[in-house]
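J.: using only what follows, build the 3D model:
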Amino acid sequence: MTSGDEPRLAVGGIEVARYVVDPDLDPTHGPRPYLHPVRTLAGTVVTDALPADHVWHLGVSLAVQDVNGTNLWGGRTYVRGTGYTWRSDHGRIAHTAWETRTPRRLAHRLEWRTPAGDVLLTERRTVAAVALPDRRGWALDVAYTLTAPDRSVTIGSPATNGRPGGAGYGGFFWRVAAGAPPRIFTATSAGEAAVNGTAEPWVALAGTDTGDASYTLVFTGLGPGDRWFVRGAMYPGVCVAFAFDRPYVLAAGAERRGRHRVAVVDGDLDPVAAGRIAAQLTGSAR
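T.: Next up, the predicted model:
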């Protein structure tokens, strides 16, 4: 599935993530660059890739199910009035050039392409690993600029295409590795039903791997109009959703910028501790 030459990110000399830039995947998996495995400083793996329940879930990635009718998420496409349907509409998010490649920071250019190879969006992306001040963990910092080069682009989701139940996924997505359903919470609410679709400043997911090692992920970085999409029971995952309940339109020549910082911490944090870390992340992102 990979080339064996994936860039690595490190914090204090400890490898914390590998970046699979050009995966050799079936087109129906929505081929795109992704991070996996991502680890805590103690070595606990906190991402899942190619899981049996949703084989197109790829660690940490940008992925959207409907970009002007092209599926850049993978799997079946939700069709209004029909439901999930296999279609020949899978595109690819393709790496085109490196700008920076170091153990602390990666920067490159990409193209979001239709099945025929036409360019829907161009992208500049940086991926960095930063130590947290208290040395309990580290933060993944993902920033990007999406540009519609020559025509307007509409970003949609299963929810905007008619699926009920808060299925507004698509955007910056983290498929979590968890041995049991994790705890999902914010400063003011807890549980999948309460958190899904909100615009809280941060969301935390506390889980354990299959060997019972505990970890907590603290997510920040909603943009204007974004919402949190979370899952815990069906599968564990957190998404900064670009089109949770309405399509997002990027005009020709316009840019969409995003930046998401996620703390990766060993141990099971409570809301107070997670909130302190979120404040560190958002403060240092200014």
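
J.: alpha carbons only for contacts and neighbour counts from here, please
T.: Noted.

J.: quick one: contacts for the most centrally placed residue in the chain?
T.: By CA atoms, centre = their mean, the chain has its centre lying nearest to residue 173, at 2.2 Å. Residues near residue 173 by CA atoms under 8 Å, 6 or more residues apart in numbering: 59, 60, 61, 62, 63, 237, 238, 239, 240.

J.: same question for residue 43.
T.: residue 16.

J.: with residue 63 instead?
T.: Contact analysis of residue 63 by CA under 8 Å, 6+ apart lists 30, 32, 72, 73, 170, 171, 172, 173.

J.: for the fourth one, the count of nearby residues, please.
T.: Okay, so that is residue 73. The number of residues packed near residue 73 is 31, by other CA atoms under 10 Å.

J.: now the strands for the stretch 1-150 of the chain?
T.: For the stretch 1-150 of the chain, strands defined by DSSP state E, counting those that start in this stretch occupy the ranges 8-11, 14-20, 34-38, 60-67, 70-72, 77-79, 83-85, 92-101, 105-113, 119-131, 137-147.

J.: now the stretch 101-250 of the chain, which segments are flagged as low pLDDT?
T.: Along the stretch 101-250 of the chain, the model assigns pLDDT under 70 to residues 135.

J.: now the residue sitting furthest away from the middle of the chain: closest residue in space, sequence neighbours ignored.
T.: Distance from the centre of the chain peaks at residue 81, with 28.1 Å (CA atoms, centre = their mean). Nearest non-adjacent residue to residue 81, counting by CA to CA, 6 or more residues apart in numbering: residue 162, 7.4 Å away.

J.: using the three-state scheme, assign that neighbour.
T.: coil (DSSP: H, G, I helix; E, B strand; the rest coil).

J.: that one against residue 82, yeah?
T.: No. Using CA atoms under 8 Å, residue 162 is not in contact with residue 82, being 9.3 Å away.

J.: in a markdown table: the contacts of residue 63, plus distance to residue 262.
T.: Formatted as a markdown table, the contacts of residue 63 follow (distance: CA to CA, whole Å):
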| residue | distance to residue 262 |
| --- | --- |
| 30 | 23 |
| 32 | 20 |
| 72 | 23 |
| 73 | 21 |
| 170 | 17 |
| 171 | 15 |
| 172 | 11 |
| 173 | 11 |
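
J.: now, which of those sits nearest residue 279?
T.: residue 172 (20.2 Å; CA to CA).

J.: thinking again about what came up before, now the contacts of residue 173 as a markdown table including distance to residue 264?
T.: Listed next are these as a markdown table, based on distance: CA to CA, whole Å:
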| residue | distance to residue 264 |
| --- | --- |
| 59 | 14 |
| 60 | 13 |
| 61 | 16 |
| 62 | 18 |
| 63 | 21 |
| 237 | 14 |
| 238 | 13 |
| 239 | 16 |
| 240 | 17 |
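
J.: mark which of those are buried, thanks.
T.: By neighbour count, with 16 or more other CA atoms under 10 Å, the contacts of residue 173 hold 59, 60, 61, 62, 63, 237, 238, 239, 240 as buried.

J.: residue 272 sits in which helix or strand?
T.: Per DSSP states H and E: residue 272 is located in helix 271-284.

J.: give me the pLDDT for the residue farthest from the centre of the chain.
T.: As predicted, residue 81 sits at a pLDDT of 95.

J.: tell me which of the strands of the stretch 1-150 of the chain is the most buried.
T.: Across these, averaging neighbours per residue (mean count of other CA atoms under 10 Å) puts strand 70-72 on top, at a mean of 28.

J.: enumerate every residue touching residue 215.
T.: Taking CA under 8 Å, 6+ apart, one finds 40, 44, 46, 206, 207, 208, 264, 265, 266, 267, 268, 269 in contact with residue 215.

J.: now, which of those sits nearest residue 99?
T.: Nearest to residue 99 among the contacts of residue 215, with distances taken as CA to CA, is residue 264, at 25.7 Å.

J.: assign the residue nearest to that closest one when sequence neighbours are not counted to helix, strand or coil.
T.: Taking CA to CA, 6+ apart, and ignoring the residues beside it in sequence, residue 264 has residue 217 as its nearest neighbour in space, at 5.0 Å. Under three-state DSSP, the three-state class of residue 217 is strand.

J.: okay, and the beta partners of residue 217?
T.: With DSSP bridges applied, the residues forming beta bridges to residue 217 are residue 205, residue 264.

J.: show me the contacts for the closest residue in space to residue 206 that isn't next to it in sequence.
T.: Excluding the flanking residues, the one nearest residue 206 by CA to CA, 6+ apart is residue 216, at 4.2 Å. If you count contacts by CA under 8 Å, 6+ apart, residue 216 has them with 204, 205, 206, 207, 263, 264, 265, 266, 267, 268, 269.
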